[in-house]
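Engineer: Sequence and predicted structure are below.
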Amino acid sequence: MALLAALAIAPSLAAQDHGVPGRASDYMQRMDTDQDRRVSLPEYQAWMGYAFTRMDRDGDGVLAPGELPGGKGEPVSLETHRARLAARFQRQDRDGDGYLDAAELTAPPR
């Protein structure tokens, strides 16, 4: 989970690729690529995976220790990162419908 926290606080990467939304509605609008007013797991993973892609300097799908924040830690594959995001998504999906609405998206993780 440390990687998720580190990726979530990478403001320079967010500002470069995704902008820094100021309100929950901004996040919803940017994450909800099909504009159905809810965020699916693939939409969530795509949005939350941007920092992984930027950090993976050699493009091999694995964050090596030198690519991780602080330059140390265990290597993390994109598959592992996406699985962690899926678990986080499931915790946020309080009603279990497979989507995050604005309230679920902005609620603190359980």
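Structural biologist: On my side now, so go ahead. Numbers count the residues shown, from 1 in each chain.
Engineer: which stretches of this protein have low pLDDT?
Structural biologist: Applying pLDDT under 70 to the chain flags residues 1-24.
Engineer: For it, which segments count as strands?
Structural biologist: Ranges of strands in the chain, per DSSP state E, are 39-40, 62-63, 76-77, 99-100.
Engineer: list the helices and strands the first one packs on?
Structural biologist: The helices and strands touching strand 39-40, judged by 3 or more Cβ pairs under 8 Å, 6 or more residues apart in numbering; DSSP states H and E, are strand 99-100. For the C-beta atoms, the positions are set from N, CA and C on the backbone; glycine is no exception.
Engineer: Pull the distance from the strand it packs on to the chain's centre.
Structural biologist: 14 Å (Cα atoms, centre = their mean, to the nearest Å).
Engineer: And for it, what's in contact with it?
Structural biologist: Residues from elsewhere that reach strand 99-100, judged by Cβ atoms under 8 Å, 6 or more residues apart in numbering: R38, V39, S40, Y44, F89, Q92, D93.
Engineer: Next step: those restricted to helices.
Structural biologist: Using DSSP state H, the subset of the contacts of strand 99-100 located in helices is Y44, F89, Q92.
Engineer: still on that earlier bit, F52: which of the strands of the chain is closest?
Structural biologist: Among the strands of the chain, the nearest to F52 by Cβ to Cβ is strand 62-63 (6.7 Å).
Engineer: Distance of S40 relative to D101?
Structural biologist: Per Cβ to Cβ, to the nearest Å, S40 is found 11 Å from D101.
Engineer: Not counting its neighbours along the chain, what's nearest the most centrally placed residue in the chain?
Structural biologist: The residue lying closest to the centre of the chain (Cα atoms, centre = their mean) is M48, at 1.8 Å. The shortest distance from M48 to any non-neighbouring residue, by Cβ to Cβ, 6 or more residues apart in numbering, is to L85 (5.2 Å).
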